[in-house]
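K.L.:
kindly return the folded structure for what I paste below:
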Amino acid sequence: MSSSRTPADLSSPPAQGAGSGLLDLLKTVPDPRGRRGRQHHLSAILAVGLAAVIAGARSFVAIGEWVAHQPIEALRVLGVTTPAGPDESTIRRVFALLDADVLDQLVGAFMWTRTHTVEQRRVIALDGKTVRGARTKTRTAPHLVAAFDHGTGVVVGQLGVTAKSNEIPAVQGLLKLFDLTGVVVTVDAMHTQTETAKQITGGGGDYVFTVKGNQRKLFEACKTLPWTDVASHTIRTRGHGRTATRTIKVVTAPAWVEFAGATQIAQLRRTVTRHAKKTVEVVYLITSADHQAAPPATLASWVRSHWGIENRLHWVRDVTYDEDRSQVRTGNAPQIMATLRSTTISLLRLTGIENIAQGLRHHARHPETILKLLLTC
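P.N.:
Residues are numbered from 1 along each chain as shown. Below is the predicted model:
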């Protein structure tokens, strides 16, 4: 994995003179190669790799085949200046050498500017995913922590770590790259940490933490609050052969809550019925957002949409791109490929496409739409 942690300002566009489009942004990525023997610009290698992934390519072989089948005029648009585009072995070697975290930070900065909304709070979910296919006998599979914009389904940041056990400091490291002013951050129970709360509120944002059995003492303390005396707000949904009922109750956070800025605690009861079988789960939420910014319905919607990072990102990379069985294992290439997949998902979402598999098939049939997407994003 890359060892670099050079910070990028994820709240600002690329530097002046770098251009405002994604293809221009790729020209700012540092080239790890020596000057001798370069046949292709790094930005062109990245651009053809991304274009091929937009067409559904899952491997270096597939990327190389896609490049080989494109007319030179199309490759020129992507920055290729030689008589033919880069081949599979060239792309493989370059991706293995690239500083993956710097690329993630630059792309995240670009996506942040494309998802900002006025008069509405940005809500981002943070969660990690292991690229299992990259595991070898001598190497741990890379674990990538992503920041996912609830509203658009776009990845606005990613950071690589060498093991899932390092996810807590990785989340805190990723948060340092954002301007958190007015941002709501949702995380799962692993990241219900006092230091994370301080970091988010200190940066001007709010958090929504989940409390489960992994923090037994805190869970039991939340459980003993007088919930029977609290009015509830209930939401029912039906779909995919199941009925889900979510009931939320909210109280003012007691003084014993140690998380910085905590204002509310909520009890969230999820009852799911599928094929006449009922399951019930009760979790507790702690948030720094007050009752005006986060009334019960809003708080419940933030929690529900948090899992979009699993359903709309991790699941898509696993199922549509078959990421967990990818044979890309050399150097930083697994993280680079994951970045290209996430970037593709983000670009398609920004154009209004929710069915990513269908979007990939469309672009594979019509390569000219890939160029249009990359030129106009």
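K.L.:
list the contacts for residue 233?
P.N.:
Counting by C-beta atoms under 8 Å, 6 or more residues apart in numbering, residue 233 makes contact with 247-250, 296-297, 300. Yep, even glycine has a C-beta here, placed from its N, CA and C like the rest.
K.L.:
phi and psi next, for residue 157.
P.N.:
phi 180, psi 150 (degrees, to the nearest 10).
K.L.:
quick check, pLDDT for it.
P.N.:
We have a pLDDT of 94 for residue 157.
K.L.:
what comes up buried for stretch 242-249?
P.N.:
244, 246-249 (16 or more other C-beta atoms under 10 Å).
K.L.:
er, stretch 202-217 I mean
P.N.:
Across stretch 202-217, burial judged by 16+ other C-beta under 10 Å covers 205-212, 215.
K.L.:
can you give me the neighbour number for the residue nearest to residue 129 when sequence neighbours are not counted?
P.N.:
Closest residue to residue 129 apart from its sequence neighbours, by C-beta to C-beta, 6 or more residues apart in numbering: residue 314 at 4.8 Å. The tally of other residues near residue 314 (other C-beta atoms under 10 Å) stands at 21.
K.L.:
burial count for the spatially closest residue to residue 22 that is not a sequence neighbour?
P.N.:
Distances taken as C-beta to C-beta, 6+ apart place residue 377 nearest to residue 22, at 5.1 Å, with adjacent residues excluded. Residue 377: 17 surrounding residues under other C-beta under 10 Å.
K.L.:
and the contacts of residue 233, which is closest to residue 44?
P.N.:
residue 300 (47.0 Å; C-beta to C-beta).
K.L.:
quick check: phi and psi at the closest one.
P.N.:
The phi/psi pair for residue 300 (degrees, to the nearest 10) reads phi -60, psi -40.
K.L.:
part of a strand, is residue 267?
P.N.:
Yes: per DSSP: H, G, I helix; E, B strand; the rest coil, residue 267 lies within a strand segment.
K.L.:
that one and residue 301: what is the separation?
P.N.:
16 Å (C-beta to C-beta, to the nearest Å).
K.L.:
and the helices in the stretch 51-200 of the chain, which stretches?
P.N.:
Assigned by DSSP state H, counting those that start in this stretch, the stretch 51-200 of the chain shows helices spanning 60-68, 72-77, 88-97, 100-115, 167-175, 194-202.
K.L.:
ok now the fifth one, how far from the chain's centre?
P.N.:
Between the centre of helix 167-175 and the centre of its chain there are 13 Å (C-alpha atoms, centre = their mean, to the nearest Å).
K.L.:
what do you get for the fourth one?
P.N.:
With C-alpha atoms, centre = their mean as the basis, the distance from the averaged C-alpha position of helix 100-115 to the chain average is 11 Å.
K.L.:
can you list the buried residues in that helix?
P.N.:
100-112, 114-115.
K.L.:
in the helix or strand harbouring residue 344, what's buried?
P.N.:
Under the criterion of DSSP states H and E, residue 344 resides in helix 333-350. Using 16+ other C-beta under 10 Å as the test for burial, helix 333-350 gives 333-350.
K.L.:
packing partners of it?
P.N.:
Judged by 3 or more C-beta pairs under 8 Å, 6 or more residues apart in numbering; DSSP states H and E, the packing partners of helix 333-350 are helix 42-54, helix 88-97, helix 100-115, strand 143-149, strand 154-161, helix 315-319, helix 356-365.
K.L.:
next, the angle strand 154-161 makes with the third one.
P.N.:
Yep, that's helix 100-115 we're talking about. If you take axes from the mean of the first three to the mean of the last three C-alpha atoms, to 10 degrees, helix 100-115 sits at 160 degrees to strand 154-161.
K.L.:
show me what helix 100-115 is packed up against.
P.N.:
Short answer (3+ C-beta pairs under 8 Å, 6+ apart): helix 100-115 packs on helix 22-26, strand 143-149, strand 154-161, helix 333-350.
K.L.:
how about 6 Å then?
P.N.:
Under the contact criterion of 3 or more C-beta pairs under 6 Å, 6 or more residues apart in numbering; DSSP states H and E, helix 100-115 touches strand 154-161, helix 333-350.
K.L.:
quick one: distance of the last one to the chain centre.
P.N.:
Translated: helix 333-350. 9 Å.
K.L.:
restrict that helix to CA atoms and write it as PDB.
P.N.:
Below are the C-alpha coordinates for helix 333-350, written out as PDB (Å, rounded to 0.1, in the frame of the first residue of the first chain):
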ATOM      1  CA  ALA A 333      -2.700  -1.600  -8.100                       C
ATOM      2  CA  PRO A 334      -5.600  -3.100  -6.000                       C
ATOM      3  CA  GLN A 335      -6.300   0.300  -4.500                       C
ATOM      4  CA  ILE A 336      -5.900   2.100  -7.800                       C
ATOM      5  CA  MET A 337      -8.400  -0.300  -9.400                       C
ATOM      6  CA  ALA A 338     -10.800   0.200  -6.500                       C
ATOM      7  CA  THR A 339     -10.500   3.900  -7.000                       C
ATOM      8  CA  LEU A 340     -11.400   3.600 -10.700                       C
ATOM      9  CA  ARG A 341     -14.400   1.500  -9.800                       C
ATOM     10  CA  SER A 342     -15.600   4.000  -7.200                       C
ATOM     11  CA  THR A 343     -15.000   6.900  -9.600                       C
ATOM     12  CA  THR A 344     -17.000   5.200 -12.300                       C
ATOM     13  CA  ILE A 345     -19.900   4.600  -9.900                       C
ATOM     14  CA  SER A 346     -19.800   8.200  -8.800                       C
ATOM     15  CA  LEU A 347     -19.700   9.600 -12.300                       C
ATOM     16  CA  LEU A 348     -22.700   7.500 -13.400                       C
ATOM     17  CA  ARG A 349     -24.600   8.600 -10.300                       C
ATOM     18  CA  LEU A 350     -23.900  12.200 -11.100                       C
END
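K.L.:
nothing else from me, thank you.
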